[in-house]
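Colleague: Predicted model, plus sequence, below.
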Amino acid sequence: MVELKTDTSIDAMHEAGQVVARALTAVREAADVGVSLLELDEVARAVLREAGASSPFLGYRPSFAPTPFPAVICASVNDAIVHGIPTAYRLRDGDLVSIDCGAKLGGWAGDSAISFTVGRPRPADLRLIDTAERALAAGIEAAVVGNRIGDIAHAVGTVCRAAGYGIPEGFGGHGIGRQMHEDPSVPNEGRPRRGLPLRHGMVLAIEPMLIAGGKDGYHEASDGWTLRTNDGSRAAHTEHTVAITDSGPRVLTDRGGSQAPRP
């Protein structure tokens, strides 16, 4: 069942989303050659503590997971697509890092992800990240009243495929509200004008995931959480929590960029 949020609830979700935005900004600023993924997780924890927020990631255990998730961020490096568990691994020059973070504040959740490089970037990685960001922007642009879920999926997938990148099947965005994962599912590829109609009050996490090698294959790592590309190529992951409103899409996890403003 899809819950339509009131304008007051969307304002409250924006507060949670801004905690996530601050955490991701702090993590990105702290990320450097020699910094461990566990240290980045502690940076995010500090932001959540200061805001009085909790983590919907910490202790989360869906049906597929062998153990509860042990951190407040997912830290996926190089060929890891999503769900990477922070470890003592220390970042190296040229690493491509994807950080996913969530927060719960006042009973409402926010969820967002960024990808970036550490040290001297590879041009191919910068193209991959730029494409992920363009795919996210296209998905947000399609998130308007009168469109359907398929329009978001088509917008995201068109950008990814046009650039020659793969898309991991079965993984994408989702509804969000009181819980981090709610209905509906928001695929990263699909047919336009299909699926659930978009209405004022729907809140969605839109999250492109791209595989540089151009194929869609992935596998689960031995930790039972991390998804890695089958061909060893690099991956990027971006995400925003977006409210569907009669005035246009409202990005609740914006980090001061050029996304659609609050109506």
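Modeller: Thanks, I have the structure now. Numbering: from 1, shown residues only.

Colleague: tell me the mean pLDDT for the helix ranked longest in the chain?
Modeller: Longest helix in the chain, counting residues (DSSP state H): helix 7-30. Mean pLDDT, helix 7-30: 98.

Colleague: All the strands of this protein, residue numbers only.
Modeller: Secondary structure of the chain by DSSP state E: the strands cover 73-77, 80-82, 96-105, 108-117, 173-175, 182-186, 203-206, 209-211, 218-220, 227-229, 235-237, 240-243, 250-251.

Colleague: helices and strands around the fourth one, which ones?
Modeller: Spelled out, that is strand 108-117. Where contact means 3 or more C-beta pairs under 8 Å, 6 or more residues apart in numbering; DSSP states H and E, strand 108-117 is packed against helix 7-30, strand 96-105, helix 123-141, strand 235-237, strand 240-243. C-beta: built from backbone N, CA, C; applies to glycine.

Colleague: I'd like the ones you listed as TSV, with distance to Val77 appended.
Modeller: What follows is the helices and strands packed on strand 108-117, written out as TSV (distance: least, C-beta to C-beta, whole Å):
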stretch	distance to Val77
helix 7-30	13
strand 96-105	6
helix 123-141	12
strand 235-237	10
strand 240-243	22
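
Colleague: Let's have those in TSV, adding distance to Asp151 and mean neighbour count.
Modeller: Listed next are the helices and strands packed on strand 108-117 as TSV, based on distance: least, C-beta to C-beta, whole Å; neighbours: other C-beta atoms under 10 Å:
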stretch	distance to Asp151	mean neighbour count
helix 7-30	21	20
strand 96-105	24	26
helix 123-141	9	20
strand 235-237	21	29
strand 240-243	13	29
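
Colleague: Tell me which of the strands of the chain sits nearest to Lys5.
Modeller: In terms of C-beta to C-beta, the element of the strands of the chain nearest to Lys5 is strand 203-206, at 5.5 Å.

Colleague: Tell me the strands beside the closest one, with direction?
Modeller: If you go by DSSP bridges, strand 203-206 pairs up with strand 173-175 (antiparallel), strand 240-243 (antiparallel).

Colleague: what residues does it touch?
Modeller: Applying C-beta atoms under 8 Å, 6 or more residues apart in numbering, the contact partners of strand 203-206 are 5, 10, 13, 111-112, 136, 139-140, 143, 152, 156, 173-177, 184, 186, 239-244, 252.
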